[in-house]
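Novice: Give me coordinates for this.
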Amino acid sequence: MLTSTLSQEKLTHQREITIEWNIPLMYQGMEKARRFLTNKYKQSFFFGGFGNGKSSALCRREIYLSQQYPKTLGLLGRATYPELRDSTIRTFLEVCPPEIIKSYNRTEGILAYTNGSELIMRAFDDPRKVLSLNLARISIDQMEEISEDLYLQLLGRLRHVTCRFFSGVGNPEPGWVRERIKDKLDPSIMILYEATTYDNPHLPSDYIQTLIKNYPDHWIKRYIYGDWSFFEGQVFSKFVEANNVCDPFTIPKGWKITRVIDY
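Specialist: Now for the predicted structure:
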């Protein structure tokens with residue numbers, strides 16, 4: 001049975017455990033990240049505040065699926081190569097058990113697992129380099145950095161008979177990700193997990209307070225609390241959907257109607 005030894009930094013005690021069983025131990029107190037990692041939806045997304053564990057969960061989900069479905073091809077990508085190299089690939093290599101890696105060509109960005117699965121690591125500076133692939137798994141770090149057209153093109157690359165999983169993580173930015181995934185989520189094929197920075201109990205004790213002391217209000221709401229409603233330059237800075245938007249209803253005839261126009 002496949003085993004992995006985890007360091008003292010990741011667990012309070014060290015022991016050999018299977019890849020399947022190390023998941024709940026790694027994510028003690030991080031239920032949303034754990035559920036994202038092991039869910040069975042064809043499209044799954046994990047968004048929210050800084051430091052909520054989304055990037056490491058994305059990499060571990062790729063590893064998890066590669067072992068669940070041997071001899072399949074996956075793609076791990078990000079918008080630009082420097083960010084892919086310095087952040088996403090670095091995180092992947094930190095969390096991937098070395099004993100399940102058969103080979104890794106750093107120059108080509110191709111990793112072979114011992115069970116016959118493979119992983120291609122690519123940036124989307126030139127989308128043509130990935131749009132000819134026949135994939136079973138796609139994992140995108142910081143989805144808000146890519147275009148909606150590229151997202152749709154990538155969905156068309158998922159052609160495996162039994163394994164077709166698209167996974168994406170990021171921060172709550174205004175744009176196509178919010179409109180397509182947050183606001184128009186199709187629960188028959190998609191699931192969205194959201195977590196604040198507070199949902200990660202393993203961060204340094206002063207991490208959040210340091211951010212709060214330095215960030216402007218709209219950054220705190222978006223990048224700590226994971227609120228999609230706030231952005232720089234917003235006219236109505238106190239606007240909150242939960243408080244200021246209601247479901248449609250028939251207006252009673254006796255109500256006074258007022259129209260307000262911003263010239």
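Novice: going forward, measure contacts and count neighbours with C-alpha atoms only.
Specialist: Fine.
Novice: Give me the neighbour count for Tyr225.
Specialist: Using other CA atoms under 10 Å, Tyr225 has 19 other residues around it.
Novice: Quick check: phi and psi at it.
Specialist: phi -90, psi -10 (degrees, to the nearest 10).
Novice: who touches the nearest residue in space to it that is not next to it in sequence in this structure?
Specialist: In this structure, Tyr225 finds its nearest non-sequential neighbour in Thr196, 4.8 Å apart by CA to CA, 6 or more residues apart in numbering. Under the criterion of CA atoms under 8 Å, 6 or more residues apart in numbering, the neighbours of Thr196 are 48-50, 52, 223-226.
Novice: Lys102: which of the residues you listed is nearest?
Specialist: Of all the contacts of Thr196, Asn52 has the smallest distance to Lys102: 30.4 Å, by CA to CA.
Novice: And that closest one, what's its pLDDT?
Specialist: Listed pLDDT for Asn52 reads 89.
Novice: now it, what's its secondary structure?
Specialist: Of the three states, Asn52 takes coil according to DSSP: H, G, I helix; E, B strand; the rest coil.
Novice: Quick one: neighbours of it, just the number.
Specialist: When neighbours are defined as other CA under 10 Å, Asn52 has 27 of them.
Novice: distance of it from Gly226?
Specialist: Per CA to CA, to the nearest Å, Asn52 is found 10 Å from Gly226.
Novice: anything in contact with each of those two?
Specialist: Common neighbours of Asn52 and Gly226 (criterion: CA under 8 Å, 6+ apart): 195-197.
Novice: Let's have the residues you listed in a markdown table, adding pLDDT, secondary structure and distance to Phe124.
Specialist: Putting those into a markdown table (pLDDT from 0 to 100; DSSP: H, G, I helix; E, B strand; the rest coil; distance: CA to CA, whole Å) gives the following:
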| residue | pLDDT | secondary structure | distance to Phe124 |
| --- | --- | --- | --- |
| Ala195 | 92 | strand | 26 |
| Thr196 | 92 | coil | 28 |
| Thr197 | 93 | helix | 28 |
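Novice: Including distance to Ala33, could these go into TSV?
Specialist: Rendered in TSV, the data for these read as follows (distance: CA to CA, whole Å):
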residue	distance to Ala33
Ala195	8
Thr196	11
Thr197	12
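Novice: quick one: which of the contacts of Thr196 is nearest Tyr104?
Specialist: Distance ranking of the contacts of Thr196 against Tyr104, using CA to CA, places Asn52 first at 28.2 Å.
Novice: Thought Tyr198 was touching that closest one, still the case?
Specialist: Yes: with contact defined as CA atoms under 8 Å, Asn52 counts as touching Tyr198 (7.3 Å).
Novice: can you map out the helices along the chain?
Specialist: Along the chain, the segments classed as helices by DSSP state H run 19-26, 31-38, 54-68, 81-83, 89-95, 148-155, 176-177, 207-214, 217-223, 241-244.
Novice: would CSV of those with mean neighbour count and distance to Val169 be doable?
Specialist: Shown next, in CSV, are the helices of the chain (neighbours: other CA atoms under 10 Å; distance: least, CA to CA, whole Å):
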stretch, mean neighbour count, distance to Val169
helix 19-26, 16, 18
helix 31-38, 21, 10
helix 54-68, 22, 6
helix 81-83, 14, 14
helix 89-95, 15, 14
helix 148-155, 14, 13
helix 176-177, 18, 10
helix 207-214, 12, 20
helix 217-223, 19, 14
helix 241-244, 9, 22
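Novice: which outside residues touch stretch 86-98?
Specialist: The contact list for stretch 86-98, computed with CA under 8 Å, 6+ apart, reads 4-5, 55-56, 59-60, 63, 78, 121, 141.
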